[in-house]
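A.B. asks: Please find the sequence and the predicted model below.
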Amino acid sequence: MSLYAPAAETEAWVWVNGKFVGHRPYIEAYIRPNIIDLDVTDALVPGKKNVIAIRLHTNYQPAQMSAGLVSRLFLYEPKAK
């Protein structure tokens with residue numbers, strides 16, 4: 001399973017059920033796409049409620065302080081190749 005967000009400003013860390021699953025490095029807020037796309041398969045517990053936590057650092061510049069997660073999150077199974 002993959003966790004996908006089309007727009008996360010500007011740097012992101014992701015945990016699923018308390019397990020760290022990845023870091024998306026800093027990308028300027030005005031750059032698109034600035035996605036999060038992480039494999040979270042090993043952290044998910046099938047048949048149970050799963051908790052996803054995302055820490056976003058939006059920089060200390062006043063123009064970016066209102067940024068953050070500016071899109072929906074999607075949990076999906078990638079199509080087999």
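C.D. replies: Structure's in. What do you need? Numbers count the residues shown, from 1 in each chain.

A.B. asks: Hmm, Lys19 and Leu38 touching each other?
C.D. replies: No - applying Cβ atoms under 8 Å as the test, Leu38 and Lys19 come out as separate, 11.6 Å apart. C-beta coordinates here come from the backbone N, C-alpha and C atoms, glycine included.

A.B. asks: Between those two, which is the more surrounded one?
C.D. replies: Leu38 (19 against 11; other Cβ atoms under 10 Å).

A.B. asks: Look up which residues are beta-bridged to the most centrally placed residue in the chain.
C.D. replies: The residue lying closest to the centre of the chain (Cα atoms, centre = their mean) is Ile36, at 4.3 Å. Assessed by DSSP bridges, Ile36 has beta-bridge partners Ala5.

A.B. asks: Quick check, it in contact with Thr10.
C.D. replies: No - between Ile36 and Thr10 there is no contact under Cβ under 8 Å: 11.7 Å.

A.B. asks: residues touching the residue nearest to the centre of the chain, list them.
C.D. replies: Ile36 sits next to 3-5, 8, 12, 14, 22, 24, 54 when contact means Cβ atoms under 8 Å, 6 or more residues apart in numbering.

A.B. asks: and if we set it to 6 Å?
C.D. replies: 5, 8, 12, 24 (Cβ atoms under 6 Å, 6 or more residues apart in numbering).

A.B. asks: can you tell me how far it sits from Met1?
C.D. replies: 14 Å (Cβ to Cβ, to the nearest Å).
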